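[1] Structure for this input, please:
(one chain, ligands or ions: 1)
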Amino acid sequence: MEKYVILGGAKLEGEVEISGAKNSAVALIVAALLVKDVCIIENVPAVSDTYVLIDIINQLGGRAEFIDKGVLRIDGSSLNCFEAPYEMVSKIRASSYLMGALLGRFRQARVAMPGGCDFGVRPIDLHLKGFVSLGAEYTVEYGFVDIKAEELTGASIYMDKVSVGATINVMMAAATANGQTVIENAAKEPHIVDVANFLNSMGANIKGAGTDVIKIKGVEELHGGTYTVIPDQIEAGTFMIAAAATGGDVLIKNIIPKHLDSISAKLAEMGVVIEEYDDSIRVKGTESLKKANFTTMPYPGFPTDLQPQMLTLLTAANGTCIVTENVWDNRFKYVEELRRMGAIVSVDGRTAVVEGGNRLMGSPVSSTDLRAGAALVIAGLMADGVTEIYNLKYIDRGYENFEQKLRALGAQITRRRDGEKVRTVTPA
Ligand code: EPZ
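    Residues are numbered from 1 along each chain as shown. Below is the predicted model of the structure:
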């Protein structure tokens, strides 16, 4: 089993280049299947979720391959299967996008119930309600969702809850429906806009993405083309928090600063110096972090995907801090691991209370999901002594070259097989 070995205490300093957004790329890769043509997607991160989707496309009869660094060629013309079995789909939550893409393309889809990180219940009722509004029928039996539509017809759809996945799925299915679809209470995350821009560049007619109301006028057919994935807001936020957590000074490059407003504001409130440029942000840490509270919300609120990283930073703040998780029912599992490192955090339902100012101590811990893994890396960088982090498969799902990027900033982090000696880790 592989693990990270981190010697804490080094300040992160220098520049880091942010990769393409994982959560956008996974949607675009699947959306490319709507097209009976070749799509070239640039700035695709080389993370394991991307490779899982490449495998799925190839198994479904399409062709997907990297033709250059970050450049993925997807040829959906030969796609001949609308069934995605459990072995493929259980590995990745984004496989739920196959429902919208295959339904849009073939007017039918048979997809095993999707997997992904476990934050409690992860329903797909909103996706299914959206498809039904467009004229589809579905059954859920023996672990599969079967969806069929004689015809897809535009409709008015009000999302009872803001859902990234359901918004994207409905946009995909509605892109070639007859007539206009209106999604109200739509998600506004940067990757919603990216998916809409991608589909528009392929011939779709989608307006309003990034607002509460998205209007999709169905078109006859979509065509291929070339598109570039936006920078990863969550990777950028992770590095911003890591810089602050180590009292470092890091220029985070190749980003859209607007996407990071909620993180910049929270860090500034804690006394961290944030300098914004056109496509980069410089983060300069402070010796004395002020306490802060935060609540996760759909975009433009504070992202749930940075909740574990930010909570970890709060363990170094001067005072008691309150974190409220408003998106998922159970996204505090990792707190148990932070406690092993000496963090004083109590959790009650969707609220965590962090007693700041208690220095973390290196210890063996395990990632419980992707962002929790990143949070534990930040904890390891902050801690006294050596931290070993297990279950790296989660971190590998979403962070491209994570340890290499951290090492280039001065972090003492190495990836090792369990059992290998750790003596080459040298003090900072
Ligand atoms: C996306 O998941 C992201 N994944 C998640 O990031 C992220 O945490 C989440 O959005 C929220 O921002 C991808 O983009 C691949 P949702 P998604 O549908 O689309 C409820 C990461 O770490 N809901 O917006 O699955 C649901 O239970 C990952 O990169 C329903 O009730 O999330 C949750 O409480 C983890 N019914 C809320 O909505 C539904 O049909 C938001 O979920 C669908 C969702």
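[2] quick one: contacts for the residue in the stretch 201-350 of the chain that the ligand sits nearest to?
    The ligand sits closest to D305 of the stretch 201-350 of the chain, with a gap of 4.3 Å, by C-beta to the nearest ligand atom. Where you see a C-beta, it was placed from the backbone N, CA and C, and this is true even at glycine. With C-beta atoms under 8 Å, 6 or more residues apart in numbering as the criterion, the residues that contact D305 are 23, 234, 237, 371.
[3] what about 6 Å?
    234, 371 (C-beta atoms under 6 Å, 6 or more residues apart in numbering).
[4] Check V16 too.
    V16 neighbours (C-beta under 6 Å, 6+ apart): 239, 252, 405.
[5] Return the per-residue confidence for the first one.
    Reading off the confidence values, F239 has pLDDT 98.
[6] residues contacting it?
    F239 sits next to 16, 252 when contact means C-beta under 6 Å, 6+ apart.
[7] the strands in the stretch 301-428 of the chain, which residues?
    Assigned by DSSP state E, counting those that start in this stretch, the strands in the stretch 301-428 of the chain fall at 320-324, 344-348, 351-355, 364-366, 386-390, 412-417.
[8] Name the residue of the stretch 101-250 of the chain that lies nearest to the ligand.
    G165 (2.8 Å).
[9] Would you confirm that R73 contacts R63?
    No. The pair R73 and R63 does not pass the contact test of C-beta atoms under 6 Å, sitting 7.6 Å apart.
[10] Contact partners for V111?
    84, 98-99, 145.
[11] Go again with 8 Å.
    83-84, 89, 95-96, 98-99, 102, 144-145, 147.
[12] E13 now?
    Neighbours of E13 in contact, by C-beta under 8 Å, 6+ apart: 248-250, 409-410.
[13] State the pLDDT value of it.
    E13 is given a pLDDT of 98.
[14] Near the ligand, which residues of the stretch 1-150 of the chain are found?
    Contacts of the stretch 1-150 of the chain with the ligand, taken as C-beta under 6 Å from any ligand atom, map to 23, 26, 93-94, 117, 121-127.
[15] Can I have the buried ones of those as a ChimeraX selection?
    Under the burial definition 16 or more other C-beta atoms under 10 Å, those of those that qualify are selected in ChimeraX by:
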select :23,26,93,94,117,122,124,126,127
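[16] right, and out of the residues of the stretch 1-150 of the chain next to the ligand, which lies closest to A209?
    N23 (14.8 Å; C-beta to C-beta).
[17] In CSV, list the C-alpha atoms belonging to the strand or helix carrying the closest one.
    N23 is part of helix 22-31 when elements are defined by DSSP states H and E. Extracted C-alpha coordinates of helix 22-31, given in CSV (Å, rounded to 0.1, in the frame of the first residue of the first chain):
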residue,chain,number,x,y,z
LYS,A,22,-11.2,17.8,-12.4
ASN,A,23,-14.9,18.3,-11.8
SER,A,24,-15.3,20.1,-15.0
ALA,A,25,-13.1,17.7,-17.0
VAL,A,26,-15.1,14.6,-15.9
ALA,A,27,-18.3,16.3,-17.1
LEU,A,28,-16.9,17.4,-20.4
ILE,A,29,-15.4,14.0,-21.1
VAL,A,30,-18.8,12.4,-20.8
ALA,A,31,-20.6,15.2,-22.6
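[18] Contacts for it next, please.
    Here helix 22-31 has contacts from 41, 43-45, 47, 49-50, 53-54, 57, 64, 72, 74, 92, 94-95, 97-98, 100-101, 164, 168, 172, 189-191, 194-195, 198-199, 227, 229-230, 232, 234-235, 305, 397-398, using C-beta under 8 Å, 6+ apart.
[19] Give me the neighbour count for I147.
    Using other C-beta atoms under 10 Å, I147 has 25 other residues around it.
[20] you'd agree it is in a strand?
    Yes. Counting by DSSP: H, G, I helix; E, B strand; the rest coil, I147 falls inside a strand.
[21] Report the beta-bridge partners for it.
    With DSSP bridges applied, I147 shows beta-bridge pairing to A109, Y138.
[22] I'd assumed R107 was in contact with it.
    No. At 9.1 Å, I147 and R107 do not qualify as touching, with contact defined as C-beta atoms under 8 Å.
[23] Could you check how far the helix or strand of the chain with the lowest mean pLDDT is from the centre of its chain?
    In the chain, no helix or strand scores lower on mean pLDDT, DSSP states H and E than helix 86-89, which sits at a mean of 82. Offset of helix 86-89 from its chain centre (C-alpha atoms, centre = their mean, to the nearest Å): 20 Å.
[24] Redo the strands of the stretch 301-428 of the chain as CSV? Include distance to T139 and mean neighbour count.
    Shown next, in CSV, are the strands of the stretch 301-428 of the chain (distance: least, C-beta to C-beta, whole Å; neighbours: other C-beta atoms under 10 Å):
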stretch, distance to T139, mean neighbour count
strand 320-324, 37, 18
strand 344-348, 38, 15
strand 351-355, 38, 19
strand 364-366, 38, 21
strand 386-390, 40, 21
strand 412-417, 44, 16
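[25] between those strands, which gets nearest to G203?
    That would be strand 320-324 among the strands of the stretch 301-428 of the chain, by C-beta to C-beta, at 42.1 Å.
[26] Residues contacting that closest one, please?
    Residues contacting strand 320-324 (C-beta under 8 Å, 6+ apart): 291-296, 307, 310-311, 314, 350-356.
[27] one more time with 7 Å, if that's ok
    Here strand 320-324 makes contact (C-beta atoms under 7 Å, 6 or more residues apart in numbering) with 291-295, 307, 311, 314, 350-356.
[28] and it, which strands flank it?
    Checking strand 320-324 against DSSP bridges gives partners strand 294-295 (parallel), strand 351-355 (antiparallel).
[29] near the ligand, anything from that strand?
    No. Strand 320-324 does not reach the ligand (C-beta under 6 Å from any ligand atom); its nearest approach is 13.6 Å.
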